[in-house]
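J.: Sharing a model that was predicted from the sequence below.
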Amino acid sequence: MKKIKVVSLGPTSSQHIQKWIGPFEEEIDSTVITLHPGGARFTASEVISLRKYTGTKLDFLLNLFTVWRLLAKQKPDIVHFHFLSSYGLFALIPGRFSRILSAWGSDVNLSLKKNLIVKSVIKAALARFDCINSPALHIKDKLVSLGANRELIETFQYGVTIPTELVKSSPQMRHPIRFVSTRNWQDLYCIDKLVEGFCRFVENSKVDAVLYLYGGGGASDRERILTILSNYDASVTDKVVVKGYCEYNVLLKDLSTMDIFVSIPTRDGTPLSLLEAMGVGLYPIVSDIDANRECLDDQTATFIEGWEPSQIEVAIARSIERFSLSNSWLEVNKRIISGKYSYDKNTARMKSLYERFS
């Protein structure tokens, strides 16, 4: 039986493409075209790296003819575009193939801020897709506002898979209580506000707790956090442990030793780091934004009332109380992950889209 010929256009450095096609990569005839090489190696795909002329977004325009020529040579059944406002604009290239878009949360949120000229190009590209994959319902609504046809949008993220041995069977709080954040340190993730709120909590409550910070950021991000820590005694700052970046399997294993997960960005798409924490069985403290309300409610998480350190301090204290009130939050969150956000189920769903549009 002839394999479906799929060309994926997107950044391999982010590993989204690897995640989507990983389970069935050897069952399709796969080629990946990218301006951003890197990430995990593919097992059965030809990878073609485009030339970087300027190192800016201008490279997408300068590679337009190259991509057109490659698609004409490849003769794909399907072209799967990843990231609407860059690779997705290649959908305007003519060709007799089905077009699938996987939009990202950050991508769509940024597209809404573009000028009218760029938005008109995005709208024209959206009209070319046979199917649009949105990671969340609130992103679906934003895609429609940009010009997408609501009837063509399939809403699901590739999701997560958690090794059974790392999944908690019951909520058991450690001493000291272990809080953890795995988000990066850019402004939108509010790690500096989290650090200050946590330091105030430790100083005022005398509760024995530790905050573990994974991820990282640039020099200015680190400076913001160091400035906050300089305002507190060592008895407080010793409770903030910077872990930085680590291998994914190590991160999951570390998460299984934690109690409460904190994710308080000002905007988000479908937060995979939060889904991982929910799958392991950590109690969530989250910001009150659409992305978090889509997978959590007031019975299964503590929502901060704002991003002031005093409000984060209150949420931390409240989360400790709620953690032990009932274990229903744990079972509900694990059920959501094994259902709606199951990696096996959602990648199989993407494969079925390939079969439908080939």
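T.: Structure received. Numbering: from 1, shown residues only.
J.: Enumerate every residue touching the closest residue to Tyr189 other than its chain neighbours.
T.: Leaving out its chain neighbours, the residue that sits closest to Tyr189 by CB to CB, 6 or more residues apart in numbering is Arg183, at 4.2 Å. (Each C-beta comes from the backbone N, C-alpha and C, glycine too.) Listed by CB atoms under 8 Å, 6 or more residues apart in numbering, the contact set of Arg183 reads 189, 191, 215, 263, 265, 273.
J.: Identify, from those, the entry nearest to Ser45.
T.: Ser273 (26.2 Å; CB to CB).
J.: Spit out the contact partners of that closest one.
T.: By CB under 8 Å, 6+ apart, the contact list for Ser273 reads 182-183, 263.
J.: what helix or strand is it on?
T.: helix 272-280 (DSSP states H and E).
J.: pLDDT averaged over the helix or strand just after that helix - what is it?
T.: Using DSSP H and E, the helix or strand that follows helix 272-280 in sequence is strand 283-286. For strand 283-286, mean pLDDT is 98.
J.: neighbouring contacts of the very next helix or strand once past strand 283-286?
T.: Proceeding N to C from strand 283-286, the next assigned helix or strand is helix 290-293, under DSSP H and E. In this structure, residues lying in contact with helix 290-293 by CB under 8 Å, 6+ apart are 105, 136, 138, 263, 265, 267-271, 274, 284, 286, 301, 303.
J.: from those residues, which ones fall inside helices?
T.: Using DSSP state H, the members of those that fall in helices are 105, 138, 274.
J.: Look up the closest residue to the first one, ignoring the ones flanking it.
T.: Same thing as Gly105. Setting aside the residues directly before and after it, Gly105 is nearest to Gly269 in space (CB to CB, 6+ apart), at 1.3 Å.
J.: Output the helix or strand harbouring Leu226 in PDB with nothing but the alpha carbons.
T.: Following DSSP H and E, one finds Leu226 within helix 219-229. Provided in PDB are the C-alpha atoms of helix 219-229 (Å, rounded to 0.1, in the frame of the first residue of the first chain):
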ATOM      1  CA  ALA A 219      20.500  38.300  31.800                       C
ATOM      2  CA  SER A 220      17.700  40.800  32.500                       C
ATOM      3  CA  ASP A 221      15.400  38.000  33.700                       C
ATOM      4  CA  ARG A 222      18.000  36.700  36.100                       C
ATOM      5  CA  GLU A 223      18.700  40.200  37.300                       C
ATOM      6  CA  ARG A 224      15.100  40.800  38.200                       C
ATOM      7  CA  ILE A 225      15.000  37.700  40.300                       C
ATOM      8  CA  LEU A 226      18.400  38.300  42.000                       C
ATOM      9  CA  THR A 227      17.200  41.800  42.900                       C
ATOM     10  CA  ILE A 228      14.100  40.500  44.600                       C
ATOM     11  CA  LEU A 229      16.100  37.900  46.600                       C
END
